[in-house]
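>>> Let's see this in three dimensions:
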Amino acid sequence: MTQPHQITITPAGFHIEVTLNGEQLAASDRAVLLAETGLQPRYYFPREDVRMDLLRPTSTESTCPFKGKAAYWSVTAGGEVHDDLVWGYETPIPQAEGIAGLVCFYDEKVELTINGERQPSGATSTSA
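Okay, here's the model as predicted:
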């Protein structure tokens with residue numbers, strides 16, 4: 001029997017830093033963890049905890065039937081531009097309202113540090 005698609009959004013509960021090419025992109029104690037059936041968990045950050053000055057909106061959009069329409073940003077870090085590295089949902093569908101206005105990084109393309117411990121590339125940790 002197939003399990004229904006589920007999304008859970010919970011406070012991450014620890015300090016998370018995101019860096020790329022030696023440049024800190026985000027540092028937060030307020031990130032949330034989104035766990036979704038069939039996908040790796042992702043951290044979403046309040047924009048106040050993200051170096052939005054390093055991000056530039058792109059024309060890329062995507063639509064998820066379980067979260068809604070996403071917008072994307074490119075990041076300039078260490079003198080390099082990384083296209084569509086960040087995304088967010090301004091007005092997600094009601095089931096995902098816990099990520100409204102937050103942004104998420106592709107974990108597999110940045111360095112993630114949780115409570116001072118560098119995480120393996122692409123492996124979102126759900127405990128520290």
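>>> My read is that residue 40 contacts residue 106, right?
No: the pair formed by residue 40 and residue 106 falls short of the contact definition of CB atoms under 8 Å, at 10.2 Å. Where C-beta positions appear, they are placed from N, C-alpha and C, glycine not excepted.
>>> gap between the most centrally placed residue in the chain and residue 4?
Nearest to the geometric centre of the chain sits residue 104, at 1.8 Å (CA atoms, centre = their mean). When CB to CB, to the nearest Å is applied, the distance between residue 104 and residue 4 equals 23 Å.
>>> Could you do residue 12 as well?
Using CB to CB, one obtains 25 Å as the distance from residue 12 to residue 4.
>>> Comparing the two, which residue is more hemmed in?
When residue 12 and residue 4 are compared on other CB atoms under 10 Å, the one with more neighbours turns out to be residue 12, at 22 against 5.
>>> List the contacts of that one.
Applying CB atoms under 8 Å, 6 or more residues apart in numbering, we find residue 12 in contact with 31, 32, 33, 43.
>>> Whatever helix or strand residue 56 lives in packs against which elements?
Residue 56 belongs to strand 55-64 when elements are defined using DSSP states H and E. Judged by 3 or more CB pairs under 8 Å, 6 or more residues apart in numbering; DSSP states H and E, the packing partners of strand 55-64 are strand 68-77, strand 80-88.
>>> Name the residues of that strand that come out as buried.
Using 16 or more other CB atoms under 10 Å as the test for burial, strand 55-64 gives 55, 64.
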